[in-house]
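J.: The amino acid sequence is not available; the structure is as follows:
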DNA sequence: ATCACTTTTAACGGAAAGTTTCACTTTTAC
DNA sequence: GTAAAAGTGAAACTTTCCGTTAAAAGTGAT
């Protein structure tokens, strides 16, 4: 079951903005796109979705750009995924009356396992892990 | 993230065959399709995939049909999903060099959580749960 | 006011994947 | 040999994905 690249881009964008968070400065779409190797015009659409969920905010005009709307420790992986894909894991079975209840509960188990895992990962942790592996490459 | 109906159909088909398992008799595609409300011609394709993974076997000709190739307790939910979709959860990020390692490990956590859950559910349990809820409706 | 710089919004289009149906072939029991 | 079943390939159709384009609108400096 392949996941589209869209959520990958979104996660990378949020990580990119997380690195910038403490500076308080806005990052231009162009720079964010280049820094993360994301097609700029596609990133635009993604950022707007992230903004509509208040994960990110923007400043227009000169010196404008994007910033996180909350601290990285308050943004979870699950939040990002839900913003981009709706439910993280949405089996067709659950919306289908023909599906036996016992199978539905199997699907629900899968769903809640994924939800819980995704919600337990926040971007502060990702960023710190990221810093460590980056150090490793320097040494 | 919507899942296609294909794996729903596959799971229902295997459940249908599980019910039949102890009788040792083959079930015609037509009957299986009608019993589970699955488009018959689509079910054909799904059964062939299940057969190629030795989850199911078939008998051709008159009096032919489909049977499980193993006992329901030896068939897991994960097995079915992998048969239909390849990897159960395959984030685009993991095949992408541009994606920072820290994000990749987040994706990997999601992946293994789902794998473990799916592999812990087998069809004997689903069938028994199914029998119980069916009894409830009778009483 | 005008200009340069930025985000915002809407629409378009090719490619790929998902779902379904159809026609034809092969195998088997009787 | 005939009828009943699975096997196979492919066509038709719909939807989603990925990205591009172009125009609009807000912001601050000159």
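T.: The structure has been received and is ready for your questions. None of these values were measured; they are calculated from a predicted model.
J.: So which bits of the least confident helix or strand in chain A by mean pLDDT are buried?
T.: Confidence across the helices and strands of chain A bottoms out at helix A:123-138, with a mean of 87, counting by mean pLDDT, DSSP states H and E. Buried residues in helix A:123-138, counted by 16 or more other C-beta atoms under 10 Å in any protein chain shown: A:123, A:125, A:126, A:127, A:129, A:130. Placement of C-beta: from N, CA and C, glycine included.
J.: Wait, residue A:28 touches residue A:62, no?
T.: No: if you go by C-beta atoms under 8 Å, residue A:28 and residue A:62 don't touch, sitting 10.3 Å apart.
J.: who has more neighbours, these two?
T.: Using other C-beta atoms under 10 Å in any protein chain shown, the more surrounded residue of residue A:28 and residue A:62 is residue A:28, with 14 against 5.
J.: dump the residue contacts of residue A:11.
T.: Neighbouring residues of residue A:11 by C-beta atoms under 8 Å, 6 or more residues apart in numbering or on different chains: A:77, A:80, B:93, B:103, B:106.
J.: For it, give me phi and psi.
T.: With angles defined as degrees, to the nearest 10, residue A:11 sits at phi -60, psi -40.
J.: what does chain A have sitting close to DNA strand D?
T.: Contact residues (C-beta under 7 Å from any atom of the strand) of chain A with DNA strand D: A:4-6, A:9, A:39-42, A:44-45, A:60-64, A:85.
J.: one more time with 10 Å, if that's ok
T.: Within chain A, the positions near DNA strand D by C-beta under 10 Å from any atom of the strand are A:2-9, A:33, A:38-46, A:58-64, A:84-86.
J.: From those residues, which land in helices?
T.: Among these, the members found in helices (DSSP state H) are A:5-9, A:33, A:40-46, A:84-85.
J.: Compare those and tell me which has the most neighbours.
T.: Of these, with other C-beta under 10 Å as the count, residue A:9 tops at 26 neighbours.
J.: Tell me how far that residue lies from chain B.
T.: 9 Å (C-beta to the nearest C-beta, to the nearest Å).
J.: for that residue, what are its contacts?
T.: Neighbouring residues of residue A:9 by C-beta under 8 Å, 6+ apart: A:36, A:38, A:42, A:43, A:46.
J.: closest to DNA strand D among those residues?
T.: residue A:42 (4.4 Å; C-beta to the nearest atom of the strand).
J.: is it true that residue A:35 touches residue A:17?
T.: No: if you go by C-beta under 8 Å, residue A:35 and residue A:17 don't touch, sitting 10.2 Å apart.
J.: residues contacting residue A:71?
T.: Applying C-beta under 8 Å, 6+ apart, the residues near residue A:71 are A:21, A:124.
J.: nope, residue A:99 is what I was after
T.: A:93, B:8, B:12.
J.: at 6 Å instead, please
T.: residue A:93 (C-beta atoms under 6 Å, 6 or more residues apart in numbering or on different chains).
J.: which non-adjacent residue is nearest residue A:86?
T.: Residue nearest to residue A:86 in three dimensions, not counting chain neighbours: residue B:1, with 7.1 Å by C-beta to C-beta, 6 or more residues apart in numbering or on different chains.
J.: repeat for residue A:111
T.: Per C-beta to C-beta, 6+ apart, closest to residue A:111 is residue A:89, 4.8 Å.
J.: okay, the one you found: pLDDT?
T.: pLDDT for residue A:89: 96.
J.: quick one on the thing from earlier: the residue nearest to residue A:86 and residue A:70, how far apart?
T.: Noted for residue B:1: a distance of 23 Å to residue A:70, by C-beta to C-beta, to the nearest Å.
J.: cool, and residue A:126?
T.: For residue A:126 relative to residue A:70 (C-beta to C-beta), the value is 15 Å.
J.: Ok, residue A:86 next?
T.: 21 Å.
J.: quick one: average confidence on the helix or strand hosting residue A:16?
T.: Counting by DSSP states H and E, the element that carries residue A:16 is helix A:5-20. Helix A:5-20 carries an average pLDDT of 97.
J.: could you check whether it is close to DNA strand C?
T.: No: judged by C-beta under 10 Å from any atom of the strand, helix A:5-20 and DNA strand C are separated, with a smallest distance of 11.1 Å.
J.: what about the top helix by length along chain A, near DNA strand C?
T.: Using DSSP H to define each element, chain A has its longest helix at helix A:101-119. No: on the criterion C-beta under 10 Å from any atom of the strand, helix A:101-119 is out of touch with DNA strand C, staying 14.2 Å away.
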